[in-house]
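Asks: following is a predicted model, sequence given first.
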Amino acid sequence: MLQTLTRVEAIAAGLGATVSLGAWTLVGIDLACGVFVGALLALANFHVMRKLMAKMILDDRSAAGRGALAAVGGAKLLLLIVLVGVVITTLKVDPWGFFFGTLTLVVAIVAGALTSDFGRPVEEV
């Protein structure tokens with residue numbers, strides 16, 4: 001499972017860079033910057049969430065420790081909302097580019113799931 005999630009991160013990074021370069025070549029720098037920022041923010045959010053979930057699930061923590069990590073996850077979500085607002089309103093990043101950049105993570109999740117061994121039956125020896 002962990003390999004699938006790290007594969008998703010690698011696919012998302014490559015896809016974000018490729019779509020950013022394609023947008024710069026075909027449309028212009030404004031859209032490309034939006035795609036880049038959207039992909040980067042989505043990937044950073046996914047990475048932090050993966051780390052938090054790994055600590056919550058894999059570490060031998062008490063219920064209070066897991067609750068504290070859940071609170072950190074909630075704070076992370078609030079920070080993400082604030083960052084998206086700042087990026088779109090203050091930094092004037094192209095909203096369509098930002099949207100397409102965040103979609104690269106969705107495509108990477110689907111691609112990572114389709115290429116993983118997770119959930120497939122194990123052959124008996």
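Replies: Done, it's in. Residues are numbered from 1 along each chain as shown.

Asks: roughly how far apart are the nearest residue to Gly65 once chain neighbours are set aside and Gly34?
Replies: Once its chain neighbours are removed from consideration, Gly65 has its nearest residue in Asp59; the separation is 7.7 Å (C-beta to C-beta, 6 or more residues apart in numbering). Quick note: C-beta positions are derived from backbone N, CA and C, even for glycine. According to C-beta to C-beta, to the nearest Å, Asp59 and Gly34 sit 37 Å apart.

Asks: which one of the two is surrounded by more residues?
Replies: Taking Asp59 and Gly34 together and counting by other C-beta atoms under 10 Å, Gly34 has the greater number of neighbours (27 against 10).

Asks: who's in contact with the residue nearest to Ile109 when sequence neighbours are not counted?
Replies: Counting by C-beta to C-beta, 6+ apart, the nearest residue to Ile109 once its immediate chain neighbours are dropped is Val8, at 5.5 Å. Neighbour list for Val8: Phe46, Leu105, Ala108, Ile109, Ala111, Gly112, Ala113 [criterion: C-beta atoms under 8 Å, 6 or more residues apart in numbering].

Asks: what pLDDT does the model give the last one?
Replies: In this case it means Ala113. Looking at Ala113, its pLDDT reads 84.

Asks: likewise Val122?
Replies: Per-residue confidence (pLDDT) for Val122: 52.

Asks: equivalent analysis for Leu2, please.
Replies: Among the per-residue scores, Leu2 shows a pLDDT of 69.

Asks: Leu52 versus the residue nearest to Gly34 when sequence neighbours are not counted, what's the distance?
Replies: Of all residues not flanking Gly34 in the chain, Gly97 sits nearest, at 2.0 Å (C-beta to C-beta, 6+ apart). From Gly97 across to Leu52, the span is 28 Å (C-beta to C-beta).
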